[in-house]
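>>> predicted coordinates and the sequence they were generated for:
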Amino acid sequence: MSKSFAGKIDPRFLKEEGLEIFTGCELLIKGLLEVEGGTHLWTGYPGSPVAGFFDVIESIREIPKQYGIRATIANNEALAVAMVNGSQMMGLRSIAVMKSVGVHVASDALAIGNLAGAHKNGGAVIVLGDDPWSDSTQVPADSRFLAKHLFMPVLEPSDPQELKDWLDASFKLSRASGFYIGYLITTNQADGGGSVRVQRNHWPEINTTNPGEIHTASIPVEQTVLLPPRTGVKEEQLESRRLQLWQESAKLGLDRLLYPHPGASLGFITSGLAYCYLEHALSEMGLKGKFPILKLGLTYPVDPHVVERFASHVQNMVVIEERRGFLQEQIITIVNSLHAKGILPQAKAVWGKELPEGGALPSTLGLNPSILIELLSPVVLKTGGHDMAGRIERELALIRQTSTYDVDLPDRTPAFCPGCPHRDSSSVLLDVKRDFRSMGYMRSKHGREPVDLLFHGDTGCYTMLMFEPNKDLMHNYSGMGLGGATGAGIDPFITNKQVVFMGDSTFFHSGQVSISNSIKSGQDITYIVLDNKTTAMTGHQTTPGEDVDLLGNPQFQQSIDHILEAMLGMGTTEVV
């Protein structure tokens with residue numbers, strides 16, 4: 001341990017043997033520190049459930065500063081991935097962290113970077129923060145489908161040990177195949193954590209204090225500048241890259257066959273946290289180890305050889321996964337192909353979203369052990385669990401009993417933090433909206449007829465305007481930085497005055513583009529930029545409007561006022 005660290009940072013992150021306890025987001029950081037050869041670039045954009053990743057960086061800022069690791073919050077997710085793309089010009093190992101909706105934002109840069117490929121000595125990992133229960137996400141989150149569209153493999157750790165250790169595995173997969181690796185973690189994993197065995201940290205040789213030089217003549221532009229006709233050539237290479245991916249995955253042991261019982265009537269295929277829920281449910285029913293389980297680590301693309309070996313051991317399979325049938329679709333395709341080729345002489349049933357004894361695993365929201373006990377009990381009772389019928393019935397009775405409990409909690413809508421300027425802004429605008437509807441006020445003060453204010457929603461703390469007593473201040477929602485553009489679609493057809501609340505972090509993320517679009521369109525709209533010098537909604541991370549960055553280093557403090565003045569042109573419209 002460096003003496004300069006004494007008393008300044010949490011010693012858990014410097015510990016290199018034994019057991020320690022970490023939260024999920026802390027495990028991401030410790031995992032990055034343990035990556036073989038060290039990591040070079042940590043970036044992304046904060047969003048639930050992975051916003052805590054950036055808070056952890058801030059709490060241990062002395063480590064990346066000491067060893068020249070570049071740790072920074074990009075203005076948005078697309079920029080973060082573009083930074084990762086740039087890092088692959090050298091043999092650098094880089095990560096971008098974002099929530100599921102941020103993956104939508106980043107998809108353009110991801111598609112190009114992933115197809116062009118990661119550096120053979122570097123590697124690129126993209127953390128996909130999914131929210132299966134939609135507790136804090138505006139659209140259903142299942143990033144696996146978008147990753148498939150982008151040809152980007154997906155790795156799903158299950159327990160805390162894998163969550164930490166598989167970051168190193170992800171970089172090895174990336175180097176072996178050239179793919180960017182989507183690293184999927186869910187809310188319960190990010191907010192949870194647990195005890196893990198730690199290993200020694202590695203530090204990057206090339207770093208911000210020891211930079212190298214790129215010899216531009218050696219850049220393989222035929223491989224890295226993807227424009228037609230090069231695109232088609234790269235697409236034709238995808239299959240060989242998948243083979244390399246599967247070979248490396250097999251070497252790392254990421255897919256595992258647990259509790260093998262050749263000839264078993266039933267086996268389960270699962271991954272990620274769904275595996276933990278399944279093990280918990282089977283244990284509660286007294287059936288732990290009674291059924292074969294194929295635990296997939298690499299969930300896209302699924303290795304057909306792994307499925308072939310498992311399918312040859314069981315008669316029927318049930319796929320356990322949260323949300324839609326992503327794994328199930330792949331397994332069915334593989335099993336049907338194997339049967340058609342005669343490799344599997346007997347047809348195999350693959351169940352999942354529909355179950356053989358009736359019922360169905362939910363394709364919306366998430367899972368938990370109780371859900372699985374209720375849905376799987378008829379299946380396991382018929383296929384090998386009949387000797388545990390009494391215990392299973394007691395578990396079902398307990399679930400029925402607890403489901404009737406009525407917890408009497410007073411209703412409380414989300415509220416702005418004490419002292420936040422958003423409180424006063426919403427209160428004032430409610431008064432303004434009321435006054436603008438008043439015939440007497442409008443005629444006496446403005447000499448015109450009343451007008452109804454239309455409020456376009458945007459992303460940030462001010463989405464709480466959807467609740468009482470402010471619900472009349474948010475009438476639609478299109479996404480982050482898009483409130484004004486939503487208004488631009490209706491502006492030519494209405495007489496309403498339009499208003500958008502926008503936070504300072506949203507302004508730098510994408511909001512200023514929307515403002516420029518409004519100016520260009522001559523849109524009748526008022527933007528209220530709520531500048532409180534922090535990314536408040538996700539835990540108070542830094543913004544470009546501050547004079548220090550994530551690591552506490554000085555940075556140029558960008559002025560929202562001056563940016564807007566430049567957009568508007570001096571003397572045309574006043575910025576207040």
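All right, it came through fine. Just so it is clear, the model here is predicted, and its values are computed rather than measured.
>>> residue 67 contacts residue 39, correct?
No. In this structure residue 67 lies outside contact range of residue 39 using CB atoms under 8 Å: 9.8 Å. Just so you know, the C-beta spots here come from the backbone N, C-alpha and C atoms, and that holds for glycine as well.
>>> between those two, which is the more surrounded one?
Shown here are residue 67 and residue 39; by other CB atoms under 10 Å, residue 39 has more neighbours (30 against 20).
>>> next up, phi/psi of the residue minimising distance to the centre of the chain, please.
Geometric centre of the chain, nearest residue: residue 129, 2.0 Å, by CA atoms, centre = their mean. Main-chain dihedrals, residue 129, degrees, to the nearest 10: phi -90, psi 100.
>>> so what pairs up with it in the strands?
In this structure, residue 129 has beta-bridge partners residue 99, residue 185, where bridges are defined by DSSP bridges.
>>> check contacts around it.
47-50, 97-100, 102, 185-187, 190 (CB atoms under 8 Å, 6 or more residues apart in numbering).
>>> CA atoms only: put stretch 85-100 into PDB for me.
Coordinates of each C-alpha in stretch 85-100 appear next as PDB, following Å, rounded to 0.1, in the frame of the first residue of the first chain:
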ATOM      1  CA  ASN A  85     -13.800   3.800 -29.300                       C
ATOM      2  CA  GLY A  86     -10.900   6.300 -29.300                       C
ATOM      3  CA  SER A  87      -9.100   4.300 -26.600                       C
ATOM      4  CA  GLN A  88      -9.000   1.300 -28.900                       C
ATOM      5  CA  MET A  89      -6.500   3.100 -31.200                       C
ATOM      6  CA  MET A  90      -4.000   1.800 -28.600                       C
ATOM      7  CA  GLY A  91      -3.900  -1.300 -26.500                       C
ATOM      8  CA  LEU A  92      -6.000   0.300 -23.700                       C
ATOM      9  CA  ARG A  93      -8.700  -1.400 -21.600                       C
ATOM     10  CA  SER A  94     -11.700   0.800 -21.200                       C
ATOM     11  CA  ILE A  95     -15.200   0.700 -19.700                       C
ATOM     12  CA  ALA A  96     -18.300   2.800 -20.100                       C
ATOM     13  CA  VAL A  97     -21.100   2.500 -17.500                       C
ATOM     14  CA  MET A  98     -24.700   3.500 -18.200                       C
ATOM     15  CA  LYS A  99     -28.300   2.600 -17.400                       C
ATOM     16  CA  SER A 100     -30.500   0.700 -19.900                       C
END
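>>> state the mean pLDDT of that stretch.
Rounded to a whole number, the mean pLDDT of stretch 85-100 is 96.
>>> cool, stretch 30-47 as well?
Here stretch 30-47 scores 97 as its mean pLDDT.
>>> ok, stretch 264-272 next?
Looking at stretch 264-272 alone, the average pLDDT works out to 96.
>>> check which helix or strand covers the most far-flung residue of the chain relative to its centre.
Residue farthest from the centre of the chain, counting by CA atoms, centre = their mean, is residue 444 at 52.3 Å. Element membership for residue 444, per DSSP states H and E: helix 439-445.
>>> mind checking how far that helix is from the chain centre?
Counting by CA atoms, centre = their mean, to the nearest Å, helix 439-445 is centred 50 Å from the centre of its parent chain.
>>> same thing with stretch 70-84?
Computed by CA atoms, centre = their mean, the chain-centroid distance of stretch 70-84 equals 14 Å.
>>> do stretch 74-92 as well
How far stretch 74-92 lies from its chain's middle: 17 Å, per CA atoms, centre = their mean.
>>> report the buried residues of it.
Within stretch 74-92, the residues scored as buried using 16 or more other CB atoms under 10 Å are 74-85, 87-88, 91-92.
>>> between the two ends of that stretch, how far is it?
When the termini of stretch 74-92 are compared using CA to CA, to the nearest Å, they are 18 Å apart.
>>> go on, stretch 145-159?
The first-to-last residue distance of stretch 145-159 comes to 23 Å (CA to CA).
>>> that one - what's its average pLDDT?
Mean predicted lDDT for stretch 145-159 stands at 98.
>>> repeat that for stretch 454-473.
Model confidence over stretch 454-473, given as mean pLDDT, is 85.
>>> before we move on, what about stretch 50-69?
What stretch 50-69 shows for mean pLDDT is 96.
>>> just the C-alpha atoms of it, please, in CSV.
What follows is stretch 50-69 as a C-alpha-only set of coordinates in CSV (Å, rounded to 0.1, in the frame of the first residue of the first chain):
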residue,chain,number,x,y,z
VAL,A,50,-25.3,2.2,-11.8
ALA,A,51,-25.0,5.9,-10.8
GLY,A,52,-23.2,4.7,-7.6
PHE,A,53,-20.3,3.7,-9.8
PHE,A,54,-19.3,7.3,-10.1
ASP,A,55,-19.8,8.0,-6.4
VAL,A,56,-17.4,5.2,-5.6
ILE,A,57,-14.8,6.7,-8.0
GLU,A,58,-15.1,10.0,-6.2
SER,A,59,-14.6,8.4,-2.8
ILE,A,60,-11.4,6.6,-3.9
ARG,A,61,-10.2,9.4,-6.3
GLU,A,62,-6.6,9.1,-5.0
ILE,A,63,-6.2,5.7,-6.6
PRO,A,64,-6.9,6.6,-10.2
LYS,A,65,-5.0,9.9,-9.7
GLN,A,66,-1.9,8.1,-8.3
TYR,A,67,-1.8,5.5,-11.1
GLY,A,68,-2.9,7.6,-14.1
ILE,A,69,-6.3,6.0,-14.7
